[in-house]
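[1] Sequence plus predicted model, see below.
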Amino acid sequence: MTGINVDYINPFLMAATGIIKDICQIEMKIGKPYVKETAFADDSVIIMIGITGEMRGQVMIVLSYTKALEIASKMMMGMPVEKLDEMSISAISELGNMIMGNAATIFSTKGILIDITPPTVCRGNLTIAQSFAQNGMKTLLIDADLRKSVMKSRGKKGKVKYGLTHYLSGKNQLKDVICISDVPNFCMIFAGPVPPNPSELVGNERFTKMIEEARATFDMIIIDTPPIGSVIDAAVISKVCDGGILVIGAGDISYKFARKSKEQLEMTGCKLLGCVLNKVDMAGNSYYGKYYGKYYGKYYGHGDNN
C-alpha cells in the first residue's frame, strides 16, 4: 500500500460488517476514526491475519473479551460460551478467515489480488511488536520517543534502571538497557529520562551502532518514534530502518496531515511498509466517509507522561 486511500480500507470494513451481520446477527456501524495507542486493552481478543500478494501487511481484528464470547457463541449455533477455550478460539479464528476471505473477494473485483495467512488469536495486552514475538520472532521494541514517552513499564521483569538515553549518552552498554518481558521472545528498551538534546542523541553514531548490534540477536526490531510531523526525530531515525509504518489515529489527525506525514517519511528514503489505523469506533454513529474525515484535533498523545 503506497498511500492512504479508502479504496484500500473500505473493503475490510465492508467485509467485517457484512460477515458479522450475516453470521452473527450483530448490526455494526462504521464510526468516526479516532486514535488508539499501539497497546490494546487487557481484555482484548485480537485476530491477526497476514496479507500477501499485491498488498502486504497484517490485519488485526480487535474485540472486547465480552464481545468475543458473544460472537463465539453465535458462531457455535448458540452454544453457551463462558470462556475462550480451544473450541471457541477456533470459532473466532474462523470468523477472521471469513472476513478476510470476503475482503479478498471484494479486492479482486477491483483488480487487486491478495492472499491471506492462517489467523492467530491473541489475548490481553498486545502491541505491534508483541504480535511478532507471539508469532515466534525474537523481537526488540525500542521506545525512541525521548520527548514524551507514553509507554508503560508493563511486561518487564524487575525494575527498569536504565533506558535509551543512558546508552546513547555513553553511560551504559546495550546489554544494560535491554529489558526482558513476560512475553516470550519479546524485549524492550525504554526511553529513560528526558534529555536536553533528543534529536542530537538519536542522530549520533551510537544509535546506528545499537541497531547493528541488535540485528545480530533479534529477528525483528520495532522503533517507536515521536510523530513524524511534529519533530525531526522520526525522520532521523528512519534513515537506519528497513521500513516504516505510519500509525494513524482515527479521530486525531486529518487526511491532509496524514498524507503530509507519509510524504515526509518517503523523503527520508525510508520505505513505507503500510499504515495502522487505530481507535476505529465500530459502535459509533458516524459514517466512515470518502476520506478519513475533517480535522479531528490534536494528535500527539493522550494520558499521562510517565
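    That came through, no problem. Just so we're clear, the structure is a prediction, and the values are computed from it rather than from any experiment.
[2] Please, where are all the helices along the chain?
    6-24, 65-75, 86-109, 128-134, 164-168, 174-177, 198-202, 205-215, 233-238, 255-267 (DSSP state H).
[3] And the longest strand along the chain, what does it pack against?
    Criterion DSSP state E: the longest strand present in the chain is strand 44-53. Contact partners of strand 44-53 among helices and strands, from 3 or more CB pairs under 8 Å, 6 or more residues apart in numbering; DSSP states H and E: strand 57-64, helix 65-75, helix 86-109, strand 114-116, strand 120-123. Quick note: C-beta positions are derived from backbone N, CA and C, even for glycine.
[4] Where does the prediction get shaky in this structure?
    For the chain, residues meeting the criterion pLDDT under 70 lie at 1-6, 32-43, 123-128, 130-131, 134-135, 150-160, 229, 278-306.
[5] Tell me how it divides into domains.
    Domain ranges of the chain: 1-30+40-125, 127-246+254-273, per automatic domain parsing.
[6] Take these and lay them out in a markdown table including mean neighbour count.
    Formatted as a markdown table, those follow (neighbours: other CB atoms under 10 Å):
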| stretch | mean neighbour count |
| --- | --- |
| domain 1-30+40-125 | 16 |
| domain 127-246+254-273 | 18 |
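[7] Do I have it right that residue 163 meets residue 191?
    Yes - here residue 163 reaches residue 191: they are 5.2 Å apart, a contact under CB atoms under 8 Å.
[8] Tell me the spacing between the closest residue to residue 236 other than its chain neighbours and residue 168.
    Leaving aside its chain neighbours, residue 236 sits nearest to residue 203 (4.6 Å; criterion: CB to CB, 6 or more residues apart in numbering). Using CB to CB, to the nearest Å, residue 203 is found at 10 Å from residue 168.
[9] Let me know which of the helices and strands packed on strand 44-53 is the nearest to residue 14.
    helix 86-109 (6.1 Å; CB to CB).
[10] Give me the contact list for that closest one.
    Outside of helix 86-109, the residues within contact range by CB atoms under 8 Å, 6 or more residues apart in numbering are 11-12, 14-16, 18-20, 23-24, 45, 47, 49, 51, 55, 59, 61, 63, 68-69, 71-73, 75-76, 81, 84, 113-116, 118-119, 121.
[11] Just list the residues touching the closest residue to residue 192 other than its chain neighbours, thanks.
    The spatially closest residue to residue 192, leaving aside those adjacent along the chain, is residue 163, at 2.2 Å (CB to CB, 6+ apart). Each residue near residue 163 by CB under 8 Å, 6+ apart is listed here: 143, 177, 189-193.
[12] again, 6 Å this time
    Counting by CB atoms under 6 Å, 6 or more residues apart in numbering, residue 163 makes contact with 177, 190-192.
[13] And for residue 61?
    47, 96.
[14] Thought residue 142 was touching residue 129, still the case?
    No - Residue 129 is beyond contact range of residue 142, at 9.0 Å (criterion: CB atoms under 6 Å).
[15] Ramachandran coordinates for the nearest residue to residue 271 once chain neighbours are set aside?
    Leaving aside its chain neighbours, residue 271 sits nearest to residue 243 (4.3 Å; criterion: CB to CB, 6+ apart). Backbone torsions of residue 243, given as degrees, to the nearest 10, read phi -170, psi 170.
[16] separation between residue 94 and residue 166?
    47 Å.
[17] do the same with residue 31
    Taken as CB to CB, the span from residue 31 to residue 166 is 42 Å.
[18] Over to residue 117?
    With CB to CB as the criterion, residue 117 and residue 166 are 39 Å apart.
[19] Surely residue 221 is in contact with residue 141?
    No - counting by CB under 6 Å, residue 221 does not reach residue 141; the two are 8.1 Å apart.
[20] who does residue 48 bridge with?
    Following DSSP bridges, residue 48 is listed with bridge partners residue 60, residue 120.
[21] ok, what's across the strand from residue 140?
    Counting by DSSP bridges, the residues bridging with residue 140 are residue 187, residue 221.
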